[in-house]
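J.: model this:
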Amino acid sequence: MNCHLAELRAQIDDELRACGRPPGSVTLVGVSKKQPVERIAAAIEAGLRDIGENYVQEARSKFASLPPVRKHYIGHLQTNKAGAVVELFDLAQSVDRLEAGRALAKAAERQQKVQAVLLQVNISPSERFGCPPGQAEALADALRALPALRLEGLMAIGPIAEDRGEIARAFDLAAKTFARVGGSTLSIGMSGDWREAVRAGSTMVRIGTALFGGRQS
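T.: Next up is the predicted model:
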């Protein structure tokens, strides 16, 4: 486990240097969906500081037995889960519509918390969720008007494609949208496309199998 984390960080830093960016300027979020707690705990012991989960119920069962780390909600945000997301997670990455943002804001107010969020934008024809890029600025303004939310930037999921150029173009669209929306965090790039994401300006990559190995069924 230690080897995977160190190797991945070294590879990301090499890619950053090749792009003229400083090493260490990309946060690695370990996507721990369907991974055994022992693997996640080993990664945290090795220095992993951020983990991402897709499902509230799975996260709740894991988090109690894990050391303190920054917790990211990366699944589709259902409004009826807003209270649990605010309770369990430090950053909700998948706010793709105002309805979801308002639900999070109401839950955060009840819990006397300011919830950090990212706006999810859709850059892929294979992705069901996400705000259209052309509507991202308007949604960002509406989210910033909610006092219980703190919009930190943008998240997107790359296309499922063999064509590396298609992936690069999608991430370029995400980066241009991020430039208009503003913020400190551009969360793009996963196990199969993080290199294209780093080249496009990603500040956060979400990596599961390349870090932890294959998931449990």
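
J.: How about the contacts made by R60?
T.: 84, 88 (Cβ atoms under 8 Å, 6 or more residues apart in numbering). In short, each C-beta sits where N, CA and C put it, glycine included.

J.: Buried residues in whichever helix or strand it is part of, which are they?
T.: Assessed by DSSP states H and E, R60 sits inside helix 56-63. Across helix 56-63, burial judged by 16 or more other Cβ atoms under 10 Å covers 56, 59, 62-63.

J.: and what of stretch 87-101?
T.: Buried-residue list, stretch 87-101, by 16+ other Cβ under 10 Å: 88-89, 91-98, 100-101.

J.: Which single one of those is nearest to R150?
T.: Nearest to R150 among those, counting by Cβ to Cβ, is L91 at 9.4 Å.

J.: could you measure the closest one against T27, distance?
T.: 10 Å (Cβ to Cβ, to the nearest Å).

J.: which residues of this protein fall in strands?
T.: 27-31, 50-53, 70-73, 91-95, 115-120, 149-155, 185-187, 204-207 (DSSP state E).

J.: Turn those into TSV, columns for distance to C131 and mean pLDDT.
T.: Output for the strands of the chain, formatted as TSV (distance: least, Cβ to Cβ, whole Å; pLDDT from 0 to 100):
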stretch	distance to C131	mean pLDDT
strand 27-31	21	97
strand 50-53	20	97
strand 70-73	17	98
strand 91-95	8	98
strand 115-120	6	98
strand 149-155	9	98
strand 185-187	14	98
strand 204-207	18	98
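
J.: count of neighbours near S191?
T.: 15 (other Cβ atoms under 10 Å).

J.: E58 contacts K33, correct?
T.: Yes - proximity of E58 to K33 meets the contact threshold set by Cβ atoms under 8 Å, at 7.0 Å.

J.: Which two among the buried residues of stretch 87-101 are spaced furthest apart?
T.: L88 and L98 (22.3 Å).

J.: one step back: turn the strands of the chain into TSV, columns for distance to A179.
T.: Below are the strands of the chain laid out as TSV (distance: least, Cβ to Cβ, whole Å):
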stretch	distance to A179
strand 27-31	19
strand 50-53	24
strand 70-73	22
strand 91-95	19
strand 115-120	13
strand 149-155	10
strand 185-187	9
strand 204-207	16
